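K.L.:
Build me a structure from this.
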Amino acid sequence: SFFTSNPGNTAGMLPLALPKRSVTVIHDVTFLPHPDWYSWRDERLQKIALARARQASTVIVPSDYTRDEMIHHAHFSADKIHVVPLAPDPEYKPGPTDQSVLKKYGVGESYIIYVGRLDAKKNVEIIIKAHSHILNLSAGKAGNMRMKDLQLVLVGAPGFGWKKIAQAIKSSPHGSCIKV
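P.N.:
Residues are numbered from 1 along each chain as shown. Below you'll find the predicted structure:
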């Protein structure tokens, strides 16, 4: 039997009685080293989901990092965990950029886009600092017009730590080049 368990998502919670051979998927266990990034409720739900995942005979994770975190912080046996990287369907091919969408949101020709929850654990502040660093490095370099105009587009709902992210945007010397 195969079950998915996304800690914090009760819809993905494992059933109370598992078959002898069962497989589950854990996407991350960031709540263990960083409980301060989660509400009490979310942390509790994730701990329950993790406890249920211990009963599965096999656990699939999307990365070596998640495997190592599960071994180190959750004390899972390494031979129970299998890494299966996430990937788009091989048929996925990016289409042409829809210029009307860029115009609607005030995005220029040169941009970096982040799509995901605007959350502290997603390191959005680091992305903002990296964008600023790129612009600082390209300042004054002849023939680097695209980099001078490089925008950072952040797409996603505000999450935990949004106030610090908003402050990082506001205090960035290139805050006017950041679209949210």
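K.L.:
How about residues contacting the helix or strand hosting His72?
P.N.:
For His72, the element it lies in under DSSP states H and E is helix 64-73. Counting by CB atoms under 8 Å, 6 or more residues apart in numbering, helix 64-73 makes contact with 26-30, 32-33, 59, 61, 76-78, 81, 83, all of which sit outside it. Just so you know, the C-beta spots here come from the backbone N, C-alpha and C atoms, and that holds for glycine as well.
K.L.:
Which of the residues you listed has the largest number of neighbours?
P.N.:
When neighbours are counted as other CB atoms under 10 Å, the busiest of the contacts of helix 64-73 turns out to be Ile26, with 26 neighbours.
K.L.:
Just give me the neighbour total for Ser138.
P.N.:
Ser138 has 15 neighbours, counted by other CB under 10 Å.
K.L.:
Ser22 now?
P.N.:
Counted with other CB under 10 Å, residues neighbouring Ser22 total 17.
K.L.:
Got phi/psi on it?
P.N.:
Torsion angles at Ser22 (phi, psi; degrees, to the nearest 10) stand at phi -140, psi 150.
K.L.:
Relative to Ala49, how far out is it?
P.N.:
Look at Ser22 and Ala49: by CB to CB, to the nearest Å, they are 14 Å apart.
K.L.:
and the contacts of helix 64-73, which of them are in strands?
P.N.:
Val59, Val61, Ile81, Val83 (DSSP state E).
K.L.:
got those as JSON lines, with pLDDT and distance to Ile126 columns?
P.N.:
Compiled in JSON lines, the ones in strands among the contacts of helix 64-73 are given as follows (pLDDT from 0 to 100; distance: CB to CB, whole Å):
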{"residue": "Val59", "pLDDT": "93", "distance to Ile126": "29"}
{"residue": "Val61", "pLDDT": "94", "distance to Ile126": "23"}
{"residue": "Ile81", "pLDDT": "96", "distance to Ile126": "27"}
{"residue": "Val83", "pLDDT": "96", "distance to Ile126": "24"}
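K.L.:
how close does the most centrally placed residue in the chain get to Asp28?
P.N.:
Here the mean C-alpha position of the chain is nearest to the C-alpha of Lys122 (CA atoms, centre = their mean), at a distance of 4.8 Å. Distance, Lys122 to Asp28, by CB to CB: 11 Å.
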